[in-house]
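Student: Sequence first, then the predicted structure, then my questions.
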Amino acid sequence: RAHMLELASLLEGADFQEYDFQKHTAEETAPLLKKAAEDMRKAGLCFSPEGNSPASARLFEALGTGCVPIVVSHRHRISFDLPFPSLVDYDAIAIFSEPFRDIAKKVGGGMAALSATLENLLHDQLTQRMRHDGFKAFKKYFSYMNNPEGVVR
């Protein structure tokens, strides 16, 4: 989390906040979740750090809001945890990054270099295409609302 806060200080307009869901009721949390979803829809890139598993719900939340997930995990480590690998081209809809702890160790300001790269990606045509393709993949493969019977028939 310290690395996320460091990165937030380097990215213009970044908004990272800590929130302990277990200390609040669902009614208290609902407005925050709504705002987070709205912010993700406006953002071009959304971090998807590992949670309890390498492929955390953050990946699917990002895709579902039309945000390009930046998966903060070694690509070879997470490959086996991504669902439907024969159906979804994850390299076309997500960016894979080294873990923050590895980036922070790099000589020459690893986090500063990462922030500069991310700023450039925000305005890149490929990133816009990834947003579109990621949302399309979410609706086709991961949205229960669009696939109440599942994607495998």
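Tutor: All right, it came through fine.

Student: What about Phe142, how many residues nearby?
Tutor: 17 (other Cβ atoms under 10 Å). Every residue, glycine included, has its C-beta placed from N, CA and C.

Student: With adjacent residues omitted, what lies nearest to it?
Tutor: Closest residue to Phe142 apart from its sequence neighbours, by Cβ to Cβ, 6 or more residues apart in numbering: Phe60 at 5.4 Å.

Student: Regarding this structure, what is its longest helix?
Tutor: Under DSSP state H, the helix in the chain containing the largest number of residues is helix 26-42.

Student: Pull out the buried residues from it.
Tutor: The neighbour-count criterion (16 or more other Cβ atoms under 10 Å) identifies 36, 40 as the buried residues of helix 26-42.

Student: Does that helix pack against any helices or strands, and if so which?
Tutor: If you count contacts as 3 or more Cβ pairs under 8 Å, 6 or more residues apart in numbering; DSSP states H and E, helix 26-42 packs onto helix 57-64.

Student: Mind listing residues that contact the helix it packs on?
Tutor: The contact list for helix 57-64, computed with Cβ atoms under 8 Å, 6 or more residues apart in numbering, reads 37, 40, 46-49, 51, 68-69, 71, 93-94, 134-135, 137-138, 142-143.

Student: Could you rerun that using 10 Å?
Tutor: Contact with helix 57-64 is made by 36-37, 40-41, 43, 45-51, 67-73, 78, 81-83, 88, 90, 93-94, 130-131, 133-139, 141-143, 145, as judged by Cβ atoms under 10 Å, 6 or more residues apart in numbering.
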